[in-house]
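Trainee: Return atomic coordinates for the entry below.
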Amino acid sequence: MGQGTSALTDIQSELAEKFTSNESLGPNDPFWNRLLSSFNKTPQTREKQESVVSALSVFNENLLVNNFYTGNVGALMYVFLERSLELKDCVHLQDHLFTWQSYNALFVLRCVLSQWVDRLDESQLQAEFQSVPNLHAGKILYPPDILESFINRLIELLVDLPVSEVTYHLYLEIMNVLLVLCSHQMFTRCWKGEDSSIFRILFSERCRIHAGVLVKRLLANFVHRIPVPHTWFGQSEGGSVVLGLTSSLWNVLTFNRNTPIVEESPLAELSLLVLLVLSYQSEEENPYRSAMVTFSDSEDESEISPVHTSASFKMSYSNLLLALCEHLEDERVSLVLYTLLHEHDRFRQFILVQENIESLVLPHLKVLYGVPSCGSRHVYMILINLLILSESDDFNIAVHSRILKSVPWFTERNLTDISLGGLMIIIILRTVQYNILKTRDRYLHSNCLATLANMASRFRNLSTYVAQRLVSFLETMSKRYMRQVTLVKNSVKIEINGEAGQHPEKDQSVQDLEATEEILQMILGTLNAVLYSQLSNNPNLVYALLYKKEILDIFKNNSTFSDLTYNIATIVGHFSKSLSQNDEVLAVEQIFEFIKVGAQEFSKDRLKVLSELKFRYVEEKHPEEFFLPYIWYLVYQTTELYWCPSSIRLFSSEKQECDT
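Mentor: As a prediction, the model looks like this:
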């Protein structure tokens, strides 16, 4: 809309007043052509969108009073439905004006809907859409359910409409309107799609038959990442008197591109959000989810089409994986990858056999290295992705065979010739330490250490630095454990001495102690697995343990850790004794050579056989209770769409985090 002190021009205000008045406007009224030709610009940012909503608020109050009798919103929907029948032909004929007016119709409807979704329940919304006064009933054949017809048409357009310079912004607006319609979920905390009339339509047979093609289009939009055109509906700057373009208009709907999360293709990002919103609805048979996790590889001639009718499509696994790897710093992309890793068996297997596995793992590690700049939910998704990957032995072998010449974004020291697996160990330990100090989230560090435990039996040729970090972490946790034991004992003494009253600090101390115990058990179990399975391949780790052997004294008489430390103490004791019997003072290089030879000769018969540490990621019983708030939070944060923050119930817009 217009820019300046007012978000609306005088003409737009006049038209808005008529649209929201008590005057009933039939679908054939010349008013619609005037209305749909009055918007030369639409808001480019959240702030400008908010200013438009504010300017329209007075008119919206009138609309809520009058629309039930005038049916003007339903009439505008009907106007769009009629025009959309000719859209494909108009696009083919390069009819820019017709496409632009269709876009404006959707924009006006979005402005209305964005103010209604947080104030009206769905039955009231439907009543407003279905209002058809007698004035028009005999002249115009309205669909039995105009909202259903409208949503069906949006889906059909997303499937059938080609993306071009002429249609790019229209395609964006279709997805914007679809998200606003579905956003009723943000204001109701409604987890089940079947409880929503909007989602019942989206999961009805008419929409369901398009699910496979729609998912393919949305994923293709992400893969191809078509940038915003430098034209407005195919018209170059100054090329249309009617549109009145200015130099900045091509940048419309770019989602505030100055922010770090935004890429050059709003079409790609918005497509992912629509895909996620549809796929994570808790339907027993979600056709969008089925399509997303069953499609075949178009480059594999041996692949057959999926059994599911809605999912019968193919696309290039390699192109999709490349796009995912290139944009993993984006939370939306991480969430899509999680979905594919967790549920799409063939795509996961495709990933695990890739020779350049570092192209997938390094972006994950870079995100973790950026803690605390990224949100906790993003960290969760990255860690879960790594945990799922670590369930595969092939993956665990591969990451220790890939040697990285350098890691430019790792600034703590210059890392050269380090294995990808070694870098994973360093970054995961660093994440655990940050979590312990700052967030104290037991779920987060459990996922971190579960990944290390899964990899442990395949640790090979750990560098000096990686081995030192592992042992240093054990030392830090051991000292922390001893301090916490003392603190808890002191709290117990206070109670025994008869000091009454509640001691919340004692409860917190006990919880902290339990958390540290869990961490120590996991890291000791990891070290035990490494030394039992890969002793001869990790002389640097043996050396680091020998150098800090006094750490093990803490666990000597502690039954909690005795089984886990037995093998470690046995190996350290063996090498320590052998070295002490040597009459010569050995240099560091000689000690390493001594360890290498001794490790080859060491008999496993002296060690206890412990059950192998293996962890699998299992999704919660009702995953939508975590994912839907998270997805809608991403919609709220990363698009130019505006909703009233104080009305949102699904997550807290103030805390910048989702409720779970």
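Trainee: Roughly how far does the residue lying closest to Asn567 once chain neighbours are set aside sit from Asn454?
Mentor: Of all residues not flanking Asn567 in the chain, Leu607 sits nearest, at 4.6 Å (C-beta to C-beta, 6 or more residues apart in numbering). For the C-beta atoms, the positions are set from N, CA and C on the backbone; glycine is no exception. Look at Leu607 and Asn454: by C-beta to C-beta, to the nearest Å, they are 21 Å apart.
Trainee: The two: which has the busier surroundings?
Mentor: Asn454 (26 against 17; other C-beta atoms under 10 Å).
Trainee: Nearest the geometric middle of this protein, what residue?
Mentor: Ranked by distance to the mean C-alpha position of the chain (C-alpha atoms, centre = their mean), the top residue is Leu335 at 3.1 Å.
Trainee: Against Ile426, how distant is that one?
Mentor: 25 Å.
Trainee: before we move on, what about Asp441?
Mentor: 20 Å.
Trainee: same question, Leu322
Mentor: Where Ile426 is concerned, Leu322 sits at a distance of 26 Å (C-beta to C-beta).
Trainee: swap in Ser316?
Mentor: Ser316 is 34 Å from Ile426, by C-beta to C-beta.
Trainee: more neighbours, those two?
Mentor: Higher neighbour count among Ser316 and Ile426: Ile426, with 23 against 15, using other C-beta under 10 Å.
Trainee: hang on, the more buried one in a helix?
Mentor: Yes. The assignment for Ile426 is a helix, going by DSSP: H, G, I helix; E, B strand; the rest coil.
Trainee: Report pLDDT for it.
Mentor: Here the pLDDT value assigned to Ile426 is 97.
Trainee: can you offset everything so residue one is 43?
Mentor: Yep, numbering from 43; the last one is Ile468 now.
Trainee: residue contacts, it?
Mentor: Taking C-beta atoms under 8 Å, 6 or more residues apart in numbering, we find Ile468 in contact with Tyr507, Val508, Arg511.
Trainee: Tell me the most packed of those residues, by neighbour count.
Mentor: Most surrounded of those: other C-beta under 10 Å gives Val508, at 25 neighbours.
Trainee: Am I right that that residue is in contact with Ile467?
Mentor: Yes. Val508 lies in contact with Ile467 (C-beta atoms under 8 Å); the separation is 5.4 Å.
Trainee: Tell me the helix or strand right after the helix ranked longest in the chain.
Mentor: For the chain, the helix that runs over the most residues, judged by DSSP state H, is helix 506-538. Per DSSP states H and E, the first helix or strand lying C-terminal to helix 506-538 is helix 546-576.
Trainee: helices or strands up against that next one?
Mentor: helix 484-497, helix 506-538, helix 581-589, helix 604-622 (3 or more C-beta pairs under 8 Å, 6 or more residues apart in numbering; DSSP states H and E).
Trainee: Out of these, which is closest to Asp436?
Mentor: Asp436 lies closest, by C-beta to C-beta, to one member of those: helix 484-497, at 11.9 Å.
Trainee: what about Arg446, how many residues close to it?
Mentor: That one is not Arg; residue 446 is Leu. Neighbours of Leu446 (other C-beta under 10 Å): 16.
Trainee: How about the contacts made by the nearest residue to it once chain neighbours are set aside?
Mentor: If the residues on either side of it in the chain are set aside, Leu446 comes closest to Ile460, at 5.5 Å by C-beta to C-beta, 6+ apart. Contact analysis of Ile460 by C-beta under 8 Å, 6+ apart lists Ile445, Leu446, Val449, Ser505, Tyr507, Val508.
Trainee: Kindly recompute the last result at 10 Å.
Mentor: By C-beta atoms under 10 Å, 6 or more residues apart in numbering, the residues touching Ile460 are 444-449, 452, 467-468, 504-505, 507-508.
Trainee: Out of those, which comes closest to Thr612?
Mentor: Of those, the one sitting nearest to Thr612 (C-beta to C-beta) turns out to be Leu504, at 19.8 Å.
Trainee: Tell me which helix or strand the closest one sits in.
Mentor: In the assignment (DSSP H and E), Leu504 maps to no helix and no strand.
Trainee: quick one: low-confidence parts of the chain?
Mentor: 43-49, 82-87, 134-137, 175-181, 231-236, 273-305, 345-353, 534-548, 625, 695-702 (pLDDT under 70).
Trainee: Now Glu662. Nearest residue, chain neighbours left out?
Mentor: That would be Phe668: by C-beta to C-beta, 6+ apart, it lies 6.5 Å from Glu662.
Trainee: any idea how far the one you found lies from Arg419?
Mentor: For Phe668 relative to Arg419 (C-beta to C-beta), the value is 8 Å.
Trainee: Repeat that for Leu457.
Mentor: When distance is defined by C-beta to C-beta, Leu457 is 28 Å away from Arg419.
Trainee: and if you look at Asp160?
Mentor: From Asp160 across to Arg419, the span is 23 Å (C-beta to C-beta).
Trainee: How about Glu385?
Mentor: Distance of Glu385 to Arg419, given as C-beta to C-beta: 19 Å.
Trainee: These two: who's more crowded?
Mentor: Per other C-beta under 10 Å, whichever of Glu385 and Arg419 has more neighbours is Arg419, with 20 against 16.
Trainee: For Tyr523, which residues are in contact?
Mentor: Per C-beta under 10 Å, 6+ apart, neighbours of Tyr523: Asp554, Leu555, Thr558, Glu559, Ile561, Leu562, Ile596, Phe597, Asn600, Thr602, Phe603.
Trainee: Enumerate every residue touching Ala117.
Mentor: 61, 66-71, 73-74, 109, 173-175, 178, 182, 184, 188.
Trainee: what does Thr558 give?
Mentor: Ile478, His487, Met519, Ser520, Arg522, Tyr523, Met524, Arg525, Gln526, Val527.
Trainee: And Tyr585, by the same measure?
Mentor: Contacts of Tyr585 by C-beta under 10 Å, 6+ apart are Thr506, Ala509, Gln510, Val513, Phe617, Val630, Ile633, Phe634, Phe636, Ile637.
Trainee: Apply the buried test to those residues and list what passes.
Mentor: Among the contacts of Tyr585, those classed as buried by 16 or more other C-beta atoms under 10 Å are Ala509, Gln510, Val513, Phe617, Ile633, Phe634, Phe636, Ile637.
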